[in-house]
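J.: Provide a 3D model corresponding to the input given below.
(one chain, ligands or ions: 2)
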Amino acid sequence: MLNYIQAQQLITSLSRSFGTEYISLDDADGRVLAEDVAADRDYPPFNRATMDGYAISTADWESGTRAFKVQQVIYAGQVGEAGLQAGYCYKIMTGAPVPLSANAVIRREDATQVDGNVSFSLETMRPYQNIARQGEDIKAGTGILSANTLCTPAVVSLLATLGRHRVMVASLPKVALFTTGDEVVEVSAAIKPHQIRNSNEYLLQSLLKKWLIKPAVCNHVIDDKQHLAETLKTVLGFDIIITCGGVSAGDADYLPEVLEGLGVKKLFHKLSIRPGKPIWCGQLPMGGLVFALPGNPFSCMVTFKLFIEAYLSVCFGLGMPRILTLPFNGKRKRSSGFDEFFPVSISGEPIAVNLIPINTSGDIRLGLNADALALQPCDADELNDGDSVSYLLF
Ligand SMILES: Nc1nc2c(c(=O)[nH]1)N[C@H]1C(S)=C(S)[C@@H](COP(=O)(O)OP(=O)(O)OC[C@H]3O[C@@H](n4cnc5c(N)ncnc54)[C@H](O)[C@@H]3O)O[C@H]1N2
Ligand code: MOO
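T.: Residues are numbered from 1 along each chain as shown. Ligands and ions are numbered 1, 2, ... in the order given. Below is the predicted model:
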């Protein structure tokens, strides 16, 4: 039986691009850039006043001028006239271009203006004080963003600054999602005592939404071999197929057999993890992957985070999801011989990893209010106060 690291390595070794597409900058948030982007011009693009005040020539100041007249008022968005005369200053607003004949801005607070005459309370002037000089942040043509960058708010803002109202991003995969099981009924349907509502459909759709993925197909399939095969056959050309339930040892756990019967190449069945041990994973004839997740809700969530997120992240060029570590606060005994994953909050002073109560992997609360999924490795029988614990943020 593989462990979760070996399984992740196998899955991510099969990572592939889902193509690229141009989209509007309005839709770029959360997408991954598929092109390098360079500065279209110098930034700042002109010598920019960083304070409201007065722009002078320090040469004029150094030659002894202490009383200035206002030659022109320059607002942001205006271009001042060139050629500042000796004994004159510009009154200038934050964000306005400082004409090249001036090289210092004195804050309004350090100035006294009576009619058109200005004097300053400063003793010394530093050239380019309160001026952000053209190109001091970045020079035209310099690369700023590279492909495989996640479009965060800062990145979207930067793209806007650079005038990129359309950007090339990684396309999203075509995903099919199937829940299975005769006992599982629609959330809106009347329910009998022996039935349960289809929470995993919502769980998995919600987990996919974080990646901006909306399954192209999303259905529930009863435990019937032929019906399962007919349904799965229609999506064999997709990038990713996710199923849930029907993968362990029961008489109606048909998925591994049905998938293999359809020509899906088994990568592994069962891993040395808890929860999630019964997961089955295979490769589609066209190169995509099938993740057949266990039906228990917490197992479903854990296996999605460990394997589908790792796959998506690597396919998008973002690398493996970040594993962080912090000291543990509490006590936990391992109940299996496997690597165990459990829900935790990251809280307290000093900050630590704290247990969130969960009963079994069938507990409908799925570690409600957890911030992260923590790991108790198979070689650690106990976790105690202060032990370093690895976790993956939700
Ligand atoms: N003899 C063995 N039995 C089981 C083993 C084993 O190794 N040997 N593994 C256990 C473990 S661990 C898990 S996890 C489950 C996983 O089983 P399946 O993936 O086959 O899932 P099901 O049996 O179909 O369902 C398990 C559980 O989850 C509920 N479920 C299923 N689908 C949904 C859904 N869409 N929404 C909400 N809940 C769902 C289902 O009703 C079951 O209660 O197998 C153990 N058995
Ligand atoms: O390991 Mo199963 O995935 O707990 O219920």
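
J.: any bit of the helix ranked longest in the chain sitting next to ligand 1?
T.: Criterion DSSP state H: the longest helix present in the chain is helix 199-209. Yes. Against ligand 1, helix 199-209 shows contacts by C-beta under 6 Å from any ligand atom at 199-201. Heads up, the C-betas are built off the backbone N, CA and C, glycines and all.

J.: what's the neighbour count on Q6?
T.: For Q6, the count of nearby residues is 13 (other C-beta atoms under 10 Å).

J.: For it, grab phi and psi.
T.: phi -60, psi -40 (degrees, to the nearest 10).

J.: Next, the distance between the ends of stretch 39-54.
T.: Start-to-end span of stretch 39-54 (C-alpha to C-alpha, to the nearest Å) is 30 Å.

J.: Centre of the chain to that stretch, how far?
T.: Chain-centre distance of stretch 39-54: 31 Å, with C-alpha atoms, centre = their mean, to the nearest Å.

J.: can you check stretch 338-346 too?
T.: When distances are taken as C-alpha atoms, centre = their mean, stretch 338-346 is centred 22 Å away from the chain's centroid.

J.: Over that stretch, what's the mean pLDDT, rounded is fine.
T.: The pLDDT scores in stretch 338-346 average 98.

J.: how about that stretch, does it reach ligand 1?
T.: No. Stretch 338-346 lies apart from ligand 1 when judged by C-beta under 6 Å from any ligand atom; the minimum separation is 10.1 Å.

J.: so what's the closest residue to G337 other than its chain neighbours scoring on pLDDT?
T.: Counting by C-beta to C-beta, 6 or more residues apart in numbering, C378 is the residue found nearest to G337 once chain neighbours are left out, at 6.2 Å. We have a pLDDT of 97 for C378.

J.: Just the buried residues of stretch 258-265, please?
T.: Within stretch 258-265, the residues that count as buried by 16 or more other C-beta atoms under 10 Å are 258-259, 262, 264.

J.: out of those residues, which touch ligand 2?
T.: By C-beta under 6 Å from any ligand atom, no member of these lies near ligand 2.

J.: between these, which is nearest ligand 2?
T.: Ligand 2 lies nearest to L259 out of those, by C-beta to the nearest ligand atom, at 18.5 Å.

J.: For that closest one, what are phi and psi?
T.: Backbone geometry at L259, expressed as degrees, to the nearest 10, gives phi -60, psi -40.

J.: tell me the contacts of it?
T.: By C-beta atoms under 8 Å, 6 or more residues apart in numbering, the contact set of L259 is 232, 266, 280, 282, 290, 292.

J.: Verify the stated contact: the second one with L289.
T.: No. Distance between K266 and L289: 11.5 Å, which falls outside the contact criterion (C-beta atoms under 8 Å).

J.: what do the two both touch?
T.: 281-282.

J.: Settle it for me: which of the two has more neighbours?
T.: Taking other C-beta under 10 Å, K266 and L289 do not tie; L289 has more neighbours (24 against 14).

J.: The more buried one bridge partners, please.
T.: Beta-bridge pairing for L289 (DSSP bridges): I240, Q283.

J.: returning to what we had before: can you say which of the contacts of L259 are buried?
T.: For the contacts of L259, buried by 16+ other C-beta under 10 Å: 232, 280, 282, 290, 292.

J.: Relative to ligand 1, which of the residues you listed is nearest.
T.: Distance to ligand 1, by C-beta to the nearest ligand atom, is smallest for A292 among the buried ones among the contacts of L259, at 7.8 Å.

J.: Of all residues in the stretch 51-200 of the chain, which one is closest to ligand 1?
T.: N200 (3.3 Å).

J.: residue contacts, the residue nearest to G337?
T.: 3, 272, 334, 337-340.

J.: Domain parsing of this protein, as residue ranges.
T.: 4-17+172-315, 21-43+148-170, 48-132, 324-393 (automatic domain parsing).

J.: Just put those in JSON lines and tack on distance to K139.
T.: Below are the domains of the chain laid out as JSON lines (distance: least, C-beta to C-beta, whole Å):
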{"stretch": "domain 4-17+172-315", "distance to K139": "32"}
{"stretch": "domain 21-43+148-170", "distance to K139": "6"}
{"stretch": "domain 48-132", "distance to K139": "14"}
{"stretch": "domain 324-393", "distance to K139": "36"}
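
J.: Pick the most deeply packed of those.
T.: domain 4-17+172-315 (a mean of 19; mean count of other C-beta atoms under 10 Å).

J.: tell me the pLDDT at the residue sitting furthest away from the middle of the chain?
T.: Computed with C-alpha atoms, centre = their mean, the residue of the chain farthest from its C-alpha average is G64, at 56.7 Å. For G64, the model assigns a pLDDT of 95.

J.: wait, is it part of a helix?
T.: No. Going by DSSP: H, G, I helix; E, B strand; the rest coil, the assignment for G64 is coil, not a helix.
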